[in-house]
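**Student:** Everything below, folded, please.
(2 chains)
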2 protein chains.
Amino acid sequence: MKLATLKDGTRDGKLVVVSRDLTQYTDASFLARTLQAALDDWRRISPHLATIAESLENNALPAARFHEHDAHSPLPRAYQWADGSAYVNHVELVRKARGVEMPASFWTDPLIYQGGSDSFVAPRDPIRLADEAFGIDMEAEIAVIVDDVPMGASLEEARAAIRLVMLVNDVTLRALTGPELAKGFGFFQSKPSSAFSPVAVTPDELGDAWDGGKVNLPLLADINGKPFGRADAGVDMTFDFPALMAHAARTRPLVSGTIIGSGTVSNKLDGGPGKPVSAGGAGYSCIAEQRMIETIVSGEPKTPFLRFGDTVRIEMKDRSGHSIFGAIEQKVEKYQR
Amino acid sequence: MKLATLKDGTRDGKLVVVSRDLTQYTDASFLARTLQAALDDWRRISPHLATIAESLENNALPAARFHEHDAHSPLPRAYQWADGSAYVNHVELVRKARGVEMPASFWTDPLIYQGGSDSFVAPRDPIRLADEAFGIDMEAEIAVIVDDVPMGASLEEARAAIRLVMLVNDVTLRALTGPELAKGFGFFQSKPSSAFSPVAVTPDELGDAWDGGKVNLPLLADINGKPFGRADAGVDMTFDFPALMAHAARTRPLVSGTIIGSGTVSNKLDGGPGKPVSAGGAGYSCIAEQRMIETIVSGEPKTPFLRFGDTVRIEMKDRSGHSIFGAIEQKVEKYQR
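**Tutor:** Below you'll find the model as predicted:
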């Protein structure tokens, strides 16, 4: 089934079930007011949501037109947003761009950071920031929403706790990351509010593109209407979601509604760093990576970071070409109080 | 007024108002089911909570005996836990202990990390961890719960958004911090679930001990019933709460219910690192700091980190000797599934 949270003036929005083709929705808030409430009681509520989803497909329920721009992020605020860097290729390239070596252990020990989860942005709302000089970048990623995971969970326990899959734009301020990471406590100001896809789907909606741990489909990232990234989310994912979850749950439990991110999707090409889409490659899921390649090839980066007025679009289509999660589409705007 | 969250079998507990002397409570869940719900609508709900608190003081309401061990952390789970390192003295010492230099900018640019906020522990519940070899340490701190803070808030706007004050035990796994911070993305496994004091109080309850930005009273930290730390939370706090909040809100808003921590309270002595309580000093609010002093003085640390069976107690008393927030008192136990 496919779930969304409609903006209704409340902080956490209203839970709805969306049709497989993303054209219709029907209210589900009588079962659980919010997606978090559904997740908190998933075993009891999810069968009823599944029944509603089935009735919606069969036109057996009153339905209304689903507009992606009416949707909030599925969890407008969450109790946890823990974002991995599972495509180690990306980490290696971004570190190179900062002139920092990557330890070999990064290929065996998952890297994950604690993100801010209190103020997500809706998938069609602008990215509002005070200054272009922050070095505004997108990061196109996959994320899962998980159920309660006990401390010390095994990979199999983690896998069994994956409830929903969605897309993320993990906006990153590249001019702030270097100085902030040098302070030693991880990201804070360099990670403004993320946005998630209009719709979150249960893994079964992905069919055989879901292998139990990752999504085997290309992630489509466009900038100003032009293809920028077509990296396959199932390729070069060194740590799958269960591995990231087990890592996150080593010394504390994860509560229902925890969001685990994949990190920027990134594919190698013949063991090397890949090519831009315009040069026939799979491209990149963030600008920093393309700038790094440009630096390697021509001595300096050419692609600018995002500027006010630019638009980022992130989407994923099934093998028939239908949008699975709806699209994150965000314009960058100057923040003014 | 003083607020607490009683355990009632639900994930977020039940909101109650507690008497100033911490002996009585009365239900407030008819106004707002949970503390988060009260914070989400603070302007409307807090006057009613204040009226209840006044009636409770006047014995004009049905009340029951308040037991601190029935309380959960005031927010059993929160949308954000952002913990500063405002006592830069502590940062300098802990870095020395790890053999890492501290940049001079740390005295002017606040340091803050994004903590896990989804699974706090109740103030009288054990610290359960799988292995003593993690190097289990307490960190006794002050924290504030804040209302919505807009992106780019000024110090005065931040100050005006402080709603409640409480204590924290920010448990830290010292054997994991070094390797984890070396990975560059901040803490994750090295910060298991924190516990907060049984009661959160509005700043006015602190009287003149609250100066609008910090609490000018000693923070009492005991290990196994013996005084370990008596550092004054109002001394050597390089960045007060409004400064930490404005830093946290530079590139994104903070949602109501965000918890901002002070970091480990730490006092200098005559410009130097202070002395243990047993040697007539103000002691330390974490074991790592005392171990660092021991290393400086005698070449090696003597005080062990916490072992299974040890008990940590964190409390703060007003100038008449009455407990303000109730006590965090946690026994360290081996985690078993």
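**Student:** Kindly export stretch A:298-316 (C-alpha atoms) in PDB.
**Tutor:** Taking C-alpha atoms only, stretch A:298-316 is exported to PDB below (Å, rounded to 0.1, in the frame of the first residue of the first chain):
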ATOM      1  CA  SER A 298      40.100  19.300 -15.500                       C
ATOM      2  CA  GLY A 299      41.600  20.600 -12.300                       C
ATOM      3  CA  GLU A 300      38.700  22.600 -11.100                       C
ATOM      4  CA  PRO A 301      34.900  22.200 -10.500                       C
ATOM      5  CA  LYS A 302      32.600  23.600 -13.200                       C
ATOM      6  CA  THR A 303      29.100  22.900 -12.000                       C
ATOM      7  CA  PRO A 304      27.900  25.500  -9.500                       C
ATOM      8  CA  PHE A 305      26.000  24.600  -6.400                       C
ATOM      9  CA  LEU A 306      22.300  25.500  -6.400                       C
ATOM     10  CA  ARG A 307      21.300  29.100  -6.700                       C
ATOM     11  CA  PHE A 308      18.100  30.900  -5.800                       C
ATOM     12  CA  GLY A 309      15.600  30.000  -8.500                       C
ATOM     13  CA  ASP A 310      17.000  26.600  -9.300                       C
ATOM     14  CA  THR A 311      14.800  23.600  -9.000                       C
ATOM     15  CA  VAL A 312      15.700  20.100  -7.900                       C
ATOM     16  CA  ARG A 313      13.500  17.100  -8.700                       C
ATOM     17  CA  ILE A 314      13.900  13.600  -7.300                       C
ATOM     18  CA  GLU A 315      11.800  10.600  -8.400                       C
ATOM     19  CA  MET A 316      11.900   6.900  -9.000                       C
END
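**Student:** Identify the residue spatially nearest to whichever residue of the stretch 101-250 of chain A sits closest to chain B, adjacent ones excluded.
**Tutor:** Nearest residue of the stretch 101-250 of chain A to chain B (CB to the nearest CB) works out as residue A:186 at 2.0 Å. Using the backbone N, CA and C atoms, a C-beta is placed for each residue, glycine as well. Using CB to CB, 6 or more residues apart in numbering or on different chains and skipping residues adjacent in sequence, the residue nearest residue A:186 is residue B:186, 2.0 Å away.
**Student:** quick one, what contacts the one you found?
**Tutor:** Residues near residue B:186 by CB atoms under 8 Å, 6 or more residues apart in numbering or on different chains: A:113, A:114, A:184, A:185, A:186, A:187, B:113, B:114, B:180.
**Student:** nearest residue to the third one other than its sequence neighbours?
**Tutor:** Okay, so that is residue A:184. residue B:181 (5.4 Å).
**Student:** Neighbours of the one you found, how many?
**Tutor:** Residue neighbour count, defined by other CB atoms under 10 Å in any protein chain shown, stands at 18 for residue B:181.
**Student:** and it, what pLDDT?
**Tutor:** For residue B:181, the pLDDT comes out at 91.
**Student:** Just to be sure, it is in a helix?
**Tutor:** Yes: applying DSSP: H, G, I helix; E, B strand; the rest coil, one finds residue B:181 inside a helix.
**Student:** correct me, but it touches residue B:189?
**Tutor:** No: applying CB atoms under 8 Å as the test, residue B:181 and residue B:189 come out as separate, 11.2 Å apart.
**Student:** quick one on the thing from earlier: ok, now how distant is the residue nearest to residue A:184 from residue B:266?
**Tutor:** According to CB to CB, to the nearest Å, residue B:181 stands 19 Å off from residue B:266.
**Student:** What of residue A:180?
**Tutor:** Distance from residue A:180 to residue B:266, counting by CB to CB: 23 Å.
**Student:** repeat for residue A:251
**Tutor:** For residue A:251, the distance to residue B:266 - CB to CB - is 24 Å.
**Student:** between those two, which one's more packed in?
**Tutor:** A direct count of neighbours by other CB under 10 Å for residue A:251 and residue B:266 places residue B:266 higher, at 33 against 23.
**Student:** Am I right that that one is in a strand?
**Tutor:** No: according to three-state DSSP, residue B:266 belongs to no strand; its state is coil.
**Student:** Strands along the stretch 151-300 of chain A, start to end?
**Tutor:** For the stretch 151-300 of chain A, the strands defined by DSSP state E, counting those that start in this stretch occupy A:162-169, A:172-173, A:195-196, A:200-201, A:220-223, A:226-229, A:258-261.
**Student:** could you dump those strands to a markdown table with mean pLDDT and distance to chain B?
**Tutor:** Output for those, formatted as a markdown table (pLDDT from 0 to 100; distance: least, CB to the nearest CB, whole Å):
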| stretch | mean pLDDT | distance to chain B |
| --- | --- | --- |
| strand A:162-169 | 98 | 14 |
| strand A:172-173 | 98 | 6 |
| strand A:195-196 | 98 | 12 |
| strand A:200-201 | 98 | 18 |
| strand A:220-223 | 98 | 21 |
| strand A:226-229 | 98 | 22 |
| strand A:258-261 | 98 | 6 |
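**Student:** mind checking which of those strands is nearest residue B:270?
**Tutor:** Taking CB to CB, strand A:172-173 is the member of those nearest to residue B:270, at 41.4 Å.
**Student:** And for that closest one, what's in contact with it?
**Tutor:** A:129, A:134-139, A:187, A:189-192, A:286, A:288, B:251.
**Student:** Please repeat the previous calculation with a cut-off of 6 Å.
**Tutor:** A:134, A:135, A:137, A:139, A:190 (CB atoms under 6 Å, 6 or more residues apart in numbering or on different chains).
**Student:** Show me the shaky parts of the stretch 1-150 of chain A.
**Tutor:** Applying pLDDT under 70 to the stretch 1-150 of chain A flags the ranges A:97-98.
**Student:** How about the residues of it by chain B?
**Tutor:** For the stretch 1-150 of chain A, the residues in contact with chain B (CB under 6 Å from any CB of the partner chain) are A:11, A:40, A:77, A:79, A:80, A:111, A:112, A:113, A:114, A:116, A:118, A:119.
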